[in-house]
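> I would like to see how this sequence folds:
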Amino acid sequence: MGAPISGVAYPIESRHPGWPAKLGPLRVPAGILAVRPVRLRDAGEWSRVRLRDREHLEMWEPTGVGPWPDRNAYWSWPSQWLALRGLARRGQCLPFTITVDGRFAGQITVGNVIRASLRSAWIGYWVSSDIVRGGVATGAVALVTDHVFDFGGLHRLEATVRPENTPSLRVLVKAGYRQEGLFERYLDVAGGWRDHFCYAVTKEETGDGLVSRLVSKGLAERV
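Next up, the predicted model:
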């Protein structure tokens with residue numbers, strides 16, 4: 001059964017265009033960037049980075065159930081991986097791992113995929129604290145955006161970011177997204193209902209692709 005939007009039910013399609021896939025590589029200031037599907041064996045590095053970077057991540061992420069150490073422990077990854085893989089196989093999300101020089105560096109996910117006449121989804125990402133300002137998040141957003149428009153059958157992507165999260169806002173602007181508006185008290189983050197800016201891009205706006213724009217500006221290099 002589809003989700004009703006403006007009185008119209010959009011069916012969930014049992015297919016997964018655009019996933020699994022390997023994207024890149026790109027050379028960015030932090031190193032060689034690539035994007036690949038999430039793997040069960042990501043558990044160790046995923047947990048290590050998430051536990052280490054609690055202060056860097058927790059203030060920007062949706063409020064979760066249970067304490068941070070439990071939610072991000074090694075043993076919590078298999079259930080998350082299974083859920084993401086199941087959604088991906090049903091065509092409802094595209095969950096990816098970000099790597100830099102072959103090492104785990106974060107995640108980027110296209111979620112809430114709605115097809116039919118809407119062909120829209122959201123994009124969300126996080127990266128390790130030791131590679132921020134290294135062009136990794138910007139490059140990953142560009143790679144995934146181009147991919148879902150070219151091979152995933154989508155027409156529009158949006159991202160929501162708290163106004164205080166200046167680094168993430170810069171990522172979206174550099175990647176080629178534009179601000180659409182403000183969602184007031186939009187999401188429960190860090191224990192409170194927080195305002196979020198909405199940024200978006202449609203396929204028609206990307207031209208030759210967001211990666212090509214980064215390359216032309218000298219912010220990335222194809223390898």
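
> Just after the host helix or strand of Leu82, pick out the following helix or strand.
Counting by DSSP states H and E, the element that carries Leu82 is helix 77-89. Reading on from helix 77-89 to the C-terminus, the next helix or strand found by DSSP H and E is strand 94-100.

> Next, the angle helix 77-89 makes with that following strand.
120 degrees (axes from the mean of the first three to the mean of the last three C-alpha atoms, to 10 degrees).

> Okay, strands next: where are they in this protein?
Taking DSSP state E to define them, one finds strands in the chain at 3-5, 8-10, 23-28, 31-37, 94-100, 103-114, 120-127, 156-161, 178-189, 192-202, 221-222.

> How many neighbouring residues does the nearest residue to Arg54 once chain neighbours are set aside have?
Distance criterion C-beta to C-beta, 6 or more residues apart in numbering; nearest residue to Arg54, sequence neighbours excluded, is Trp68 at 5.4 Å. In short, each C-beta sits where N, CA and C put it, glycine included. Applying other C-beta atoms under 10 Å, we find 14 residues neighbouring Trp68.

> how close does Trp68 get to Ile108?
Distance of Trp68 to Ile108, computed by C-beta to C-beta, to the nearest Å: 21 Å.

> swap in Gly31?
16 Å.

> Tell me what angle the helix with the most length in the chain forms with strand 31-37.
As assigned by DSSP state H, the longest helix anywhere in the chain is helix 136-150. For helix 136-150 against strand 31-37, the angle by the same axes, to 10 degrees is 40 degrees.

> For helix 136-150, buried residues please.
136-149 (16 or more other C-beta atoms under 10 Å).

> hang on, Leu172 packs against Val161?
Yes - if you go by C-beta atoms under 8 Å, Leu172 and Val161 touch, sitting 6.8 Å apart.

> Which residue is the nearest non-sequential neighbour of Arg39?
Thr97 (6.8 Å).

> Could you pull up the residues touching the one you found?
Counting by C-beta atoms under 8 Å, 6 or more residues apart in numbering, Thr97 makes contact with 35-39, 42, 104, 106-107.

> Could you dump those residues into JSON lines and include neighbour count?
Below are the contacts of Thr97 laid out as JSON lines (neighbours: other C-beta atoms under 10 Å):
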{"residue": "Val35", "neighbour count": "25"}
{"residue": "Arg36", "neighbour count": "15"}
{"residue": "Pro37", "neighbour count": "17"}
{"residue": "Val38", "neighbour count": "21"}
{"residue": "Arg39", "neighbour count": "14"}
{"residue": "Asp42", "neighbour count": "19"}
{"residue": "Phe104", "neighbour count": "18"}
{"residue": "Gly106", "neighbour count": "25"}
{"residue": "Gln107", "neighbour count": "21"}
